[in-house]
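Colleague: okay, structure incoming, though there's no sequence with it:
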């Protein structure tokens, strides 16, 4: 069942262009120059209930604008948009009752109050029966491991702790859809890992549809079986996450160490030499050359070999720059022919 | 209605979170009473009436007018909306299933309740400690009309400030409008 349907949706903003300096500021009082910025262009998207969808793209790609349109915060300039059968920008309470959104800067927590106080407020706002409220609260308190944090002022908590509580508040009323706009931003590795685990569990156990935007590819790779790549307001890719990275991850890093000194250079000569010493070589090789390189290095009797995926930032950059469904599809077709 | 009552409760709790604020509010309530008592006492020294007011009548007027002016805090609504729209966090009110205007009215009610507590404390101090003979109007109809005017006035100010705040969405700056409202 399709829970989100986006058809040819565009969002055009009009923004004021000001010339530099005091003269520009004064001139702006009388005559203003505006430019149109297409934050989202002819976007088409369908999301089924229970999916965990990742939205990736560089800054200014249109991810947050899309989320805002799906939650009704802003209206599209054109196109058709339906979420759970509602037009989001009508902002009907019956619609808002069924989703939750967690956006970094827009905290629902009261900083002066405790998490328990905020949860009680949201119980009333969402009309959650007391039994269900207690069950959900107990479930999420245990899942997030935040029992000791429930009775302290939110302002005394760390960013990671606050994010867990934000998620708890968002999930308290069992929303059908959860929109997450960069939930792991600013969190350390441990907190990020915990959040990812929680989200996976919520999606699996409760069937909550989750739309996640993130700059951290680790989030997308770990959580989202399907991802959508957006850039300059347009959708560049919509499909399997593993296939996307498979398509764009062109190199692997090979680290070979020896107990005896070896001659400079490396057998085969392909790829890029990142580091070299008499006892160690680090190479960046095309994926298809790894096998050949390994065979060649084995003859030198290495003490250790490590093969790593290419640095994810480089992969992401390639996705944004080259990204196109056609490219990935064409690459797959070529591989099938071989 | 329950959700709005809970919103009011939440904002009342936020006011009680800061002990220093609570303490100083109590202190200023008492000191204000004391200064008013002393100042008006000096003005009324050797006189039964000044401009038709008796000493107790004047103090009664002072209590009621300061009570009502304390209740009028709706400017906070327009400034809160204005700040939130400006810094892009207003949408947090749009995504929850409450009427936004109702939310801000409930917020206002919660905060007003906090200050109302101090006003009642002040009234208690006035009447019991300083032995002020509170001057009432005897006509119940006048009292009722006065109370109704006060309530309608407060509701009007809440509405006015809410809609002025919302105008930030259109004009991005409402300082001039707020200034006109104050005039």
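Modeller: The structure has been received and is ready for your questions. Everything numeric in this text was worked out from a predicted model, so none of it was measured. Numbering: from 1, shown residues only, chains lettered A, B, ... in the order given.

Colleague: helices of the chain, start to end?
Modeller: I'll assume chain A. Listed in chain order, the helices of chain A (DSSP state H) span residues A:21-30, A:63-71, A:93-96, A:115-125, A:130-144, A:159-171, A:189-206, A:217-223, A:241-248, A:290-298, A:312-322, A:325-337.

Colleague: should've been chain B
Modeller: B:2-16, B:19-43, B:55-71, B:75-86, B:91-94, B:100-124, B:140-166, B:168-171, B:175-182.

Colleague: and those helices: which comes nearest residue A:235?
Modeller: Each of these was checked against residue A:235 via CB to CB, and the shortest separation belongs to helix B:91-94, namely 23.7 Å. Using the backbone N, CA and C atoms, a C-beta is placed for each residue, glycine as well.

Colleague: contact partners of the closest one?
Modeller: Outside helix B:91-94, the residues that touch it by CB atoms under 8 Å, 6 or more residues apart in numbering or on different chains are A:68, A:71-73, A:91, A:103, A:106-108, B:84, B:100, B:103.

Colleague: from chain B, how far off is residue A:116?
Modeller: For residue A:116, the distance to chain B (CB to the nearest CB, to the nearest Å) stands at 11 Å.

Colleague: next, the contact list for the closest residue to that residue other than its chain neighbours, please.
Modeller: Nearest residue to residue A:116, sequence neighbours excluded (CB to CB, 6 or more residues apart in numbering or on different chains): residue A:150, at 5.0 Å. With contacts taken as CB under 8 Å, 6+ apart, residue A:150 has the following neighbours: A:114-116, A:141.

Colleague: rebuild the helices of chain B as JSON lines, extending it with distance to residue A:171, mean neighbour count and mean pLDDT.
Modeller: Compiled in JSON lines, the helices of chain B are given as follows (distance: least, CB to CB, whole Å; neighbours: other CB atoms under 10 Å in any protein chain shown; pLDDT from 0 to 100):
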{"stretch": "helix B:2-16", "distance to residue A:171": "19", "mean neighbour count": "18", "mean pLDDT": "92"}
{"stretch": "helix B:19-43", "distance to residue A:171": "33", "mean neighbour count": "13", "mean pLDDT": "83"}
{"stretch": "helix B:55-71", "distance to residue A:171": "38", "mean neighbour count": "16", "mean pLDDT": "80"}
{"stretch": "helix B:75-86", "distance to residue A:171": "24", "mean neighbour count": "19", "mean pLDDT": "85"}
{"stretch": "helix B:91-94", "distance to residue A:171": "16", "mean neighbour count": "18", "mean pLDDT": "90"}
{"stretch": "helix B:100-124", "distance to residue A:171": "21", "mean neighbour count": "18", "mean pLDDT": "85"}
{"stretch": "helix B:140-166", "distance to residue A:171": "30", "mean neighbour count": "15", "mean pLDDT": "87"}
{"stretch": "helix B:168-171", "distance to residue A:171": "30", "mean neighbour count": "12", "mean pLDDT": "78"}
{"stretch": "helix B:175-182", "distance to residue A:171": "39", "mean neighbour count": "12", "mean pLDDT": "70"}
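
Colleague: how does chain A divide into domains?
Modeller: If the domains of chain A are taken from automatic domain parsing, they occupy A:2-246, A:251-309, with pieces of a single domain joined by a plus sign.

Colleague: packed most tightly, which of those would that be?
Modeller: Using mean count of other CB atoms under 10 Å in any protein chain shown, the stretch among the domains of chain A with the largest mean neighbour count is domain A:2-246, at a mean of 18.

Colleague: any idea how far that one is from the chain center?
Modeller: Chain-centre distance of domain A:2-246: 10 Å, with CA atoms, centre = their mean, to the nearest Å.

Colleague: give me the distance between the two termini of it.
Modeller: Domain A:2-246 has an end-to-end distance of 27 Å (CA to CA, to the nearest Å).

Colleague: what pLDDT, on average, does that domain get?
Modeller: Mean per-residue pLDDT for domain A:2-246: 90.

Colleague: chain A contacts on chain B?
Modeller: With CB under 8 Å from any CB of the partner chain as the criterion, chain B comes near chain A at residues B:2-3, B:5-7, B:9-10, B:13-14, B:17-18, B:87-89, B:91-92, B:94-98.

Colleague: check contacts around the residue minimising distance to the centre of chain B.
Modeller: Here the mean C-alpha position of chain B is nearest to the C-alpha of residue B:71 (CA atoms, centre = their mean), at a distance of 1.5 Å. With contact taken as CB under 8 Å, 6+ apart, residue B:71 is in contact with B:112, B:115-116, B:119, B:150, B:154.

Colleague: and those residues as TSV, adding distance to residue A:316?
Modeller: Supplementary listing: the contacts of residue B:71 in TSV, determined by distance: CB to CB, whole Å:
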residue	distance to residue A:316
B:112	52
B:115	53
B:116	56
B:119	59
B:150	61
B:154	55
